[in-house]
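A.B. asks: sequence and predicted structure, then a few things I'm wondering about:
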Amino acid sequence: MPYFVDVILPLPLDKRFTYELLEEEAKFLKPGMRVAVPFGKSKIYTGIAANIHQRPPEVYEAKPIHQILDKEALITLKQLKFWKWISSYYMSTEGDVLRAALPGAFLLESEGIIQLKNKETLPETDLSDDEFLLVEALQRQSSLKIQEVMKLLDKKTVLPIINRLIEKDILMLNQEIYEQYKPKKTRFVKLSGKYREEASMHELLDSLSRAPSQREIMLTYFSLTAKSRKPLKLKSLLKQSKASPGTLKALIDKGILEEFQQETDRVSFSGEITSKEIVFNKFQQEAFVKIKEHFAANKVGLLHGITSSGKTEIYIQLIKEVLAAGKQALYLLPEIALTTQLIQRLQHYFGEKVLVYHSKYSVNERVEIFRKILNHRDSGQVIIGARSSVFLPFTKLGLVVVDEEHESSFKQYDPSPRYHARDVAIVLGSYFKANILLGSATPALESYFNAQHDKYGLVELNRRFGEVLVPEIEIVDIKTKHKKKRMTGHFSDRLLEEIKATLKEDEQIILFQNRRGFSPILECNTCGHSPQCPNCDVSLTYHSNNNQLRCHYCGYHIAMQQKCMACHSTDISTKGFGTEQIETELKALFPDHKIARMDQDTTRGKYAFEKIINAFEQQEIDILVGTQMVTKGLDFRHVNLVGIMNADNLLNFPDFRAHERSFQLMLQVAGRAGRTKKRGKVLIQSYNPNHQIIQQVSTGDYAAMYKEQLEERYNYKYPPFYRIIRFTLKSRDYSTNNTAADWLAKSLTNVFGEYVLGPEFPPVARIRNEYYKNILLKIPQQQSLEKTKEVAHKILLSFKAIGAFRSVRVVVNVDPV
Ligand code: ADP
Ligand code: ZN
Ligand code: ZN
């Protein structure tokens, strides 16, 4: 009986592909190992062996695999299960998950390589100049890549030459697969064997008495190696002895020292563990006990603790205990909260046991961490990472912490799989029976809802650590300020007063301005009203091209209004100003102070973000203007004033989550003020000082926000009461896209009726010459999620079978945020 293996290929295929195995291969191969397999006409791909069996595929003849690439499984069985779960829940393919899960360097490339058939004897036939050059080069080098041949012959079209030589039976061409990952080698030195005896060491030093700088190196060498027996890095020897490389080389040439190379970890920690025991205050202690109770009852914990209440210290204590039990801890954070500040804080406790994993790391660094965790080496025990770290090959996960769990950046937007790291981390944790703790000062409505319904265990922490008071929040009514001519640019007189007072005290200031809007929002300058959709809880957006006000969720639209619908004033305008404008105004107002800006434009480079944060920490910056980047978990000691330039901006964002988000953002940014001793101050400028969200922010009343928003979600059929799947159709052809969207919406409506909304043009209906159209499917709680997806999947398959829609791509987003 022949053997077969089902392989997950890094391609968006609906199914695994089956290949044939030799018996010895079948005995050696384990699920989770990589195999190189042919696919399509001539391509070789690296895939993951998923299962080995003896059932031949029904509809095609299995091809043999090309080769097995691992000696041991690279992917654990739990990961394979996890991938499968993600692909089915998020309606993506396993191939997409594979691509998201593995650092690219693990997916080998195929490349043409040529070799001589017979190296010893030169061919008898006549060769052209190019052919001769190539053969000669191959006699020296044994093999060449096609690209190298191009360089060698200095031309682009080398394939005809190669082909001729293959036909003449001189060359052979094979597809060779090579590993892209290159371990980092470090140069070390050691004492040559014959000088290791005590006596010969003295002799050696004596013999060098006339070469003082060489003698100096050897003295340094002995003193450095006396303390630790570890191999000595060539670089450190040079640095410590202050000698020149030439002098060192002389010693190596004399055979006194020997040089050798060794693989080293790229990602290592050089500091020392400095932190002492954590002593909790009363509130932390109570919270800690409660969290453990929930864990004991196998519940996911939700730690709702206000900013600076000491949540991080609680996480650290939990991690300590998990490490003591010999297990791994995963600490998930939104990408931009992964600052050196936090990493250092954890390193102080856990030293080199801390591993950091996120997208700014190079492929090689990620490969190293992946391997470390797989081999559960000592250092692989606390993993701090952004969302993709859920894909690491954990073997003994004991704890998952999801900090800032409300952050929408935990959701992958593009490409597929469009997973939510918080939600999948809970699934991952359950495979290991690991404890799971979500933490936030402003939990996501969904999470709090789960806690209220006893699905999660709620723990509240309402006091700041160290008797620090929560900042005092003042709302500034800029509508009145405008009327009374008390505005200077975008600054109210109150904000300017507070800025001046804070600068005088040598304290720092953060000014927050979020510019998320793509198209501007219509706003009344008299009463601050912006038109709302009657069917959804969102603001209408002004579209200048057709002069309409539109709802992006249900498609409702009206003609652009010339008068305010609330107060009939004709003084209406489109709104939108960004951080840059604020920065410019500030510089004119406070020419003697250092002002910096932190937003996407100023933080492009790898360390740009870090640089600004460090400068701010060192008090080299007085005022920091920024977008939501300034809100993320930063712990600055000297910030005493936070200004929110325009709260309405956030509130009017056309999204059913806009109010929840505004609340979260404003409280988070407010939390940056007065984290030590002195009570901080927060000023919120708004045209709508009585807006319920602003009121709730000013009193820090999460419960009120939750209650009110939940009601709206219930009324308008949004999460957590209804789940949402969004289908986005994209095509370069406008009318095909529309026809296709109508077809899909109709097919879905046939099954799901009123729960299908759209098709509707998204606010940005064309991106890079592709037209977009959205269909929303709402899933009530009592309806089976699995069945719904199954049906939707079938409809999508029929859709794909329609020739006329071939140019249309459908992007499926389950639980869009
Ligand atoms: P959060 O994560 O809730 O915003 P942090 O854990 O950052 O709060 O705590 C706020 C500040 O209080 C930090 O500077 C932290 O070092 C300090 N802190 C919190 N708990 C303790 C503790 N038990 N002992 C000493 N310092 C603490
Ligand atoms: Zn008005
Ligand atoms: Zn609407």
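C.D. replies: Perfect, I can see it now. Ligands and ions are numbered 1, 2, ... in the order given.

A.B. asks: mind listing what residue 287 touches?
C.D. replies: Listed by CB atoms under 8 Å, 6 or more residues apart in numbering, the contact set of residue 287 reads 303, 305, 314, 459-461. C-beta here means a position set from N, CA and C on the backbone, and glycine is covered the same way.

A.B. asks: list the contacts for whichever residue of the stretch 251-400 of the chain sits closest to ligand 2?
C.D. replies: Closest contact between the stretch 251-400 of the chain and ligand 2, by CB to the ion, is at residue 307 (34.8 Å). Contact partners of residue 307, counting by CB under 8 Å, 6+ apart, are 441, 464, 470, 667-668, 670-672, 675.

A.B. asks: what's the weakest-modelled helix or strand in this structure?
C.D. replies: strand 171-178 (a mean of 63; mean pLDDT, DSSP states H and E).

A.B. asks: report the separation between residue 86 and residue 12.
C.D. replies: Distance of residue 86 to residue 12, computed by CB to CB, to the nearest Å: 14 Å.

A.B. asks: how close does the residue in the chain sticking out farthest from the centre get to ligand 3?
C.D. replies: What lies farthest from the middle of the chain is residue 124; by CA atoms, centre = their mean that is 59.5 Å. Per CB to the ion, to the nearest Å, residue 124 is found 81 Å from ligand 3.

A.B. asks: just residue 256 next, same as before
C.D. replies: 81 Å.

A.B. asks: so who does the residue nearest to that residue when sequence neighbours are not counted touch?
C.D. replies: Using CB to CB, 6 or more residues apart in numbering and skipping the chain neighbours, the partner closest in space to residue 256 is residue 192 (5.8 Å). Counting by CB under 8 Å, 6+ apart, residue 192 makes contact with 255-258.

A.B. asks: try 6 Å
C.D. replies: When contacts are counted by CB atoms under 6 Å, 6 or more residues apart in numbering, residue 192 touches 255-256, 258.

A.B. asks: over to residue 149?
C.D. replies: residue 158.

A.B. asks: renumber starting at 27 from here on
C.D. replies: Happy to do that; since the first residue is 27 now, the last one works out to residue 175.

A.B. asks: so it sits in a helix?
C.D. replies: Yes: counting by DSSP: H, G, I helix; E, B strand; the rest coil, residue 175 is part of a helix.

A.B. asks: quickly note the distance from it to residue 681.
C.D. replies: Distance from residue 175 to residue 681, by CB to CB: 55 Å.

A.B. asks: ok, back up a step: would you verify that the residue of the stretch 277-426 of the chain closest to ligand 2 is located in a strand?
C.D. replies: No: assigned with three-state DSSP, residue 333 falls outside any strand and is coil.

A.B. asks: which pLDDT value belongs to the residue of the stretch 727-843 of the chain found nearest ligand 3?
C.D. replies: Closest to ligand 3 within the stretch 727-843 of the chain is residue 742: 8.5 Å, counting by CB to the ion. Reading off the confidence values, residue 742 has pLDDT 92.

A.B. asks: so it versus residue 287, what's the distance?
C.D. replies: 64 Å.
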